[in-house]
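S.K.: just a sequence and a predicted model for now, questions to come.
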Amino acid sequence: MIQDDIINELQYIPESKLQALYELIHYFRLGINSEMEKQSSESEDLKIDKNLCMNTLQKIKQGDLSSFSEIGDVKTYIQDLKHEIS
């Protein structure tokens, strides 16, 4: 197991260098934890609300584009999205 190999290697490190090694390992671990938390947070931000998507698609199918007021020309916008996807 890799942890056993790492522990085995520690016996060959001079005592005077152990503090520096500890700090390297410690801050490396903190960086990994921070990165994982960030990825978790980002994935939460990227989650798609399935019900909202289905409701929006249903409105589009029915031709109800009234809730898309921030988009100037909804039909063109939808066509552009279709081209991007394909």
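M.R.: Great, that's in hand.
S.K.: where along the chain do the helices fall?
M.R.: With DSSP state H, the ranges of helices along the chain come out as 2-10, 18-45, 50-62, 74-85.
S.K.: make CSV out of those helices and add mean pLDDT and mean neighbour count.
M.R.: Where you see a C-beta, it was placed from the backbone N, CA and C, and this is true even at glycine. Output for the helices of the chain, formatted as CSV (pLDDT from 0 to 100; neighbours: other Cβ atoms under 10 Å):
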stretch, mean pLDDT, mean neighbour count
helix 2-10, 92, 9
helix 18-45, 78, 10
helix 50-62, 76, 10
helix 74-85, 76, 11
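S.K.: how far away is residue 80 from residue 56?
M.R.: To residue 56, residue 80 is 16 Å away according to Cβ to Cβ, to the nearest Å.
S.K.: hang on, I meant residue 36
M.R.: If you go by Cβ to Cβ, the gap between residue 36 and residue 56 works out to 32 Å.
S.K.: do residue 82 as well
M.R.: 15 Å.
S.K.: do residue 7 as well
M.R.: According to Cβ to Cβ, residue 7 stands 55 Å off from residue 56.
S.K.: would you agree residue 21 is in contact with residue 13?
M.R.: Yes: if you go by Cβ atoms under 8 Å, residue 21 and residue 13 touch, sitting 6.0 Å apart.
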